[in-house]
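Q: turn this into a model:
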Amino acid sequence: MPAPTGRALVTTQVALESFSMSADGRGLVYVLRRVVRGAYVSHLWSVGWEGGAPRQLTSGRVRDTAPAISPNGRWVAFVRERVGAKEDSPAQLWILSMSGGRPWKLTRQRHGAGTPRWSLDSRTLAFLGQAGEHRFLVGPERKKRSPIAYRMTRTDFRDDDSGQLSRRTHLWRIAARRGAIARQLTQGDFDVADPAWAPDGAWLAFSADMGPDTNISPRVTIHRVPASGGAHRPLAELAGDAWAPAISPDGRRVAFRGTDVPDVPDDTLTQLWVAPISGGTPRCLTADLDRSVENGGWADLVMADDVPGPIWLDDHHLLVLVGDRSRNIPYLVTDRGRLTPLTDEDRLVGAGLAEGSGHVAISAGLDGRAAELYALDGVETPPARLRRLTSQGSNWQSRFPRPRWEERFIDGPGGRIQVWVVSPPGAGREPLPAVVVLHGGPIGSSAPGGTMDSTMLAGHGYRVVLPNVRGSDTFGSAWLGTLGGRWGEADAEDVEAVVAALLDEGLLARGRIGVMGLSYGGFLTQWLAGSSESFAVAVAENGVANQASAWGTSFFGVHYNRRARLGDPLSDEGMQQLWRTSPLRNAQNIRIPLLMLQSAEDQICPPGDNQQLFTALKVLGREVEFVLYPEEHHEMKTYGRPDRRIDRMERILAWFDRYLKRAAT
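A: Numbering: from 1, shown residues only. The predicted structure is shown next:
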């Protein structure tokens, strides 16, 4: 079996992106993404609750996403975008009969439509779409001529999904029939998310930050608006953020995820809440759980766009996903706060949940497999059994050598560190050249669900080490909070402890160890390159080289730095604190070869910040390369254009081969 190349992995991968379950629980519709002739195409497929052969529902050179089956089971609404479509042909909502046939276009929104949500009577769809005039354009808006200027009066003029936020995203409704005209339900200088219908169809809930500048002092709250239009009003709020509303079947309560701490610090756990529709104080249902109700375990082979809940199973029980020890586990929660994990599967990385007539399905990676759909049999008497419903999302992995994932716990300065050690197929306990891969966040964790990079590196003879150091999510508030304001200290100490322990065990080849990471992982890679003697080579992707400049150039840098206790440049003390945790400060100590990969349109870790480190290293005469990928955003490694993802992976492998395999000769 040939070693996996970046080209082979990217062009072969089939990714399960999202799914929907029928109200009667008998069928599911899901999305599969493939690379066809150098571009992504995605189509809808269906499978029954009992399993069996899947059926392809849509075809063509299109991106079909976000399926939503109507409550009566007759239709599926979805979002369609033509591959290679021009800017004036944005994504729209389409409808397809569940019995087959050709889909038809429902919306014709000038600026596109997405996130379809059916009313309970299956007659109406709510959706999200951009609305209003351009927020900061100077002069007339013309298709073929650049504007005079852009005038900004708020800092929330961009994000990393779309770049410039030229228009606000609002809530709309439309009748599910041909020729229907959409009606805008919300208006204002804010963006709407998470639409949810009330059971009687009379109103909808949504989440939004209606503050004066959402990137300086963000606070998301939950609101309601009549389905016929009119003024919106508050529905539920906390001292921190409240989002992802779900209305109980009896229409009396709203469940949601949120944080009840002002100006939410990084180490605050996300909890599950419930509040009466009529008003009143929200009640936390997960107060006794030292874990977040979030998908805190990260694996790029589990990339589904579904959400971790909450979902009402009935008027007294809810379903959520909980991040625990780098896994994402489904939980059953009663309205009195009793929590029960629904499965005892040890290596489950859940992405999304769905329910229909008591049947529960989950999209998840299991034991290193890419994401598939699973039925949870026996949720009424946990632990439930996972029964696989699909195989297309992971069958492609059989074409490549499958690395061995081993969970380890290593004693560190602050406690036991969970480490995933990924070894080449057939490897024993002999020392191997190794790459330490650092996750981003830092609020996240490396999960056992597999990654493209680990598959490639292990397939070429490297032992891959993924440590969940202090600051990683899914290990409780104490582990999460230890890193606050101490970037480059507690985390670096833990990485050194992991490397030292694995060297002592004889698993790593001394002098032949590399390090790589993206985002916060890119920061930590850059930091270790200038402060550690453990590594021979490094690859930093979309890192943070200068905390002072990142404070102003990252689209959420102002509130992020404050909540992470990193400091701000508004005082000498704050500037000194930022500089103390900036890899640029240690540029003169970086003597190992450093490959810097950067997405040109990254609004989280912008290019200018990392160009400073590249320039410093070139002035110092060090071995460094800076590769800039045009048009790409922060998560290019997973969502970028296929040829750019291939180039990225091939450069990483060549860089490590050049310096780690050369070290052996």
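Q: which residues does stretch 273-284 contact?
A: 235-238, 242, 247, 251-258, 260, 271-272, 285, 318, 335, 337 (C-beta atoms under 8 Å, 6 or more residues apart in numbering). C-beta coordinates here come from the backbone N, C-alpha and C atoms, glycine included.
Q: which sections of the stretch 1-150 of the chain are below the confidence cut-off?
A: 87-88 (pLDDT under 70).
Q: quick check: mean pLDDT across stretch 275-290?
A: The predicted model gives stretch 275-290 an average pLDDT of 95.
Q: ok, back up a step: restricted to strands, list the contacts of stretch 273-284.
A: Under the assignment DSSP state E, the contacts of stretch 273-284 contribute 235-236, 242, 247, 253-258, 271-272, 318 to strands.
Q: show me what the helix or strand hosting Gln598 is packed up against.
A: According to DSSP states H and E, Gln598 maps onto strand 594-599. The helices and strands touching strand 594-599, judged by 3 or more C-beta pairs under 8 Å, 6 or more residues apart in numbering; DSSP states H and E, are strand 537-541, helix 607-619, strand 624-629, helix 642-656.
Q: quick check: angle from the first one to strand 624-629?
A: Compare the direction of strand 537-541 with that of strand 624-629 by axes from the mean of the first three to the mean of the last three C-alpha atoms, to 10 degrees and you get 30 degrees.
Q: after strand 537-541, which helix or strand is next?
A: Following strand 537-541 toward the C-terminus (DSSP H and E): helix 547-553.
Q: contact partners of the next helix or strand after that next one?
A: Using DSSP H and E, the helix or strand that directly follows helix 547-553 along the chain is helix 557-563. For helix 557-563, the surrounding residues in contact (C-beta under 8 Å, 6+ apart) are 155, 215-218, 263-266, 547, 550-552, 554, 566-568, 578.
Q: what's the angle from the strand holding Gln598 to helix 607-619?
A: The directions of strand 594-599 and helix 607-619 differ by 160 degrees, with the same axes, to 10 degrees as the criterion.
Q: give me the contacts around strand 594-599.
A: Taking C-beta under 8 Å, 6+ apart as the rule, strand 594-599 contacts 526, 529, 537-543, 607, 610-611, 613-614, 617, 622-629, 632-634, 636, 640, 648, 651-652, 655.
Q: now list the buried members of those.
A: 526, 529, 537-543, 607, 610-611, 613-614, 617, 622, 624, 626, 629, 632-634, 636, 640, 648, 651-652, 655 (16 or more other C-beta atoms under 10 Å).
Q: where does pLDDT dip in this protein?
A: In the chain, residues with pLDDT under 70: 87-88, 160, 662-665.
Q: how about the helices in it?
A: 6-12, 392-395, 452-459, 477-481, 490-504, 520-531, 547-553, 557-563, 572-580, 607-619, 636-639, 642-656 (DSSP state H).
Q: other SSEs contacting the first one?
A: Spelled out, it's helix 6-12. helix 452-459, helix 642-656.
Q: how does it look with 10 Å?
A: strand 27-36, helix 452-459, helix 642-656 (3 or more C-beta pairs under 10 Å, 6 or more residues apart in numbering; DSSP states H and E).
Q: and what of the second one?
A: When contacts are defined as 3+ C-beta pairs under 10 Å, 6+ apart, helix 392-395 packs onto strand 15-21, strand 27-36, strand 359-366, strand 372-377.
Q: try the third one
A: Using 3+ C-beta pairs under 10 Å, 6+ apart as the contact criterion, the secondary-structure elements in contact with helix 452-459 are helix 6-12, strand 404-412, strand 415-423, strand 432-438, strand 463-468, strand 508-518, helix 636-639, helix 642-656.
Q: quick revisit: out of the contacts of stretch 273-284, which end up buried?
A: 235-238, 242, 247, 253-258, 260, 271-272, 285, 318, 335.
Q: contact partners of stretch 653-661?
A: When contacts are defined by C-beta atoms under 10 Å, 6 or more residues apart in numbering, stretch 653-661 is touched by residues 3-6, 432-435, 453, 456-457, 459-462, 509, 511-514, 516, 535-539, 592-595, 597, 623, 625.
Q: can you turn the buried part of these into a PyMOL selection?
A: Buried members of the contacts of stretch 653-661, defined by 16+ other C-beta under 10 Å, are picked up in PyMOL with:
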select buried, resi 4+5+6+432+433+434+435+453+456+457+459+460+462+509+512+513+514+516+535+536+537+538+539+592+593+594+595+597
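Q: Gly506 against Ala434, yeah?
A: No: contact between Gly506 and Ala434 fails when scored by C-beta atoms under 10 Å: they sit 11.7 Å apart.
Q: number of residues surrounding Thr281?
A: Here the count is done by other C-beta atoms under 10 Å, and Thr281 has 9 residues near it.
Q: and it, how far is that from Arg510?
A: Distance of Thr281 to Arg510, computed by C-beta to C-beta, to the nearest Å: 59 Å.
Q: cool, thanks, talk later.
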